[in-house]
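Student: coords below, sequence missing:
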Ligand SMILES: [Zn+2]
């Protein structure tokens, strides 16, 4: 999915298609829990972050270092770090770009703290830090909720924008572009050596950026989002086939099973009559 194709000439001057993967990302997943106060390993990481932001003592006397306050609703930290008993290694490390379809759907089902925790335990934290400090060592609980909601409303609005009857006017498009510009991913431009020379490589910084990139693609690619026909799901998705009406096989199957059970009920009623 994240592949690039380009027609190039080989050494003999014959055209050939060169294919390479241009996006790279490694994202760790721990088992997370909300931590209200910095203790244990969490405190250690917080102290290190404060130290790094602090200039030399002499300078500090002239201009006090900016105090980065611990977020009052706490952060998501790997389980046990606050008590000093957790494992320090991630449960797994993966490339979210290879699963962005799935993550795009999953993010739309986050509704409360419980489902938020399930989401980050499956895909990792968003990597958004706390307000005004994106590089904070932990994601704030409040900031996570706030950034998730921003992505969700951008996804919902994108589908409305595509529907002309909902008023896809120049003004709404302008508004949409403004908010999307505020969410756009931090993409680092890099190069990778290859046999033919150098290849472009785009490094994505966070899980939040993966979803923002997906929205960017959906918004600029001319494709249209559809809404899953299972009323219990209702997720927006990019269709891969013209006649696709469910976001996943799971939703399509669930609906089929529900219909079948409904029919069986009718059959049984008929038998008793
Ligand atoms: Zn669905």
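Tutor: Nice, thanks for sending it over. Bear in mind that the values here come from a model prediction, so they are computed numbers and not experimental data. Numbers count the residues shown, from 1 in each chain.

Student: what does the helix or strand hosting residue 146 contact?
Tutor: Element membership of residue 146, judged by DSSP states H and E, is helix 141-162. Outside helix 141-162, the residues that touch it by CB atoms under 8 Å, 6 or more residues apart in numbering are 34, 71, 73-76, 104, 107-108, 110, 113, 116, 119-120, 125-126, 128-131, 166, 168, 172-173, 176, 179-180, 183, 208, 211-212, 215, 218-219, 224-227, 236. Heads up, the C-betas are built off the backbone N, CA and C, glycines and all.

Student: helix/strand/coil for the residue of the stretch 51-200 of the chain found nearest the ion?
Tutor: In the stretch 51-200 of the chain, the residue that lies nearest the ion is residue 105 (7.0 Å; CB to the ion). Applying DSSP: H, G, I helix; E, B strand; the rest coil to residue 105 yields a three-state assignment of helix.

Student: can you check residue 47 too?
Tutor: Assignment for residue 47 (three-state DSSP): helix.

Student: can you get me a residue count around it?
Tutor: The burial count assigned to residue 47 is 11, neighbours taken as other CB atoms under 10 Å.

Student: before we move on, back to that, list the buried ones in the helix holding residue 146?
Tutor: For helix 141-162, burial by neighbour count (16 or more other CB atoms under 10 Å) applies to 141, 143-144, 147-148, 150-152, 154-155, 157-159, 161-162.

Student: that one: how far from the chain's middle?
Tutor: Here helix 141-162 is found 11 Å from its chain centre; the criterion is CA atoms, centre = their mean, to the nearest Å.

Student: rounded mean pLDDT for that helix, please.
Tutor: Averaged across helix 141-162, the pLDDT comes to 91.
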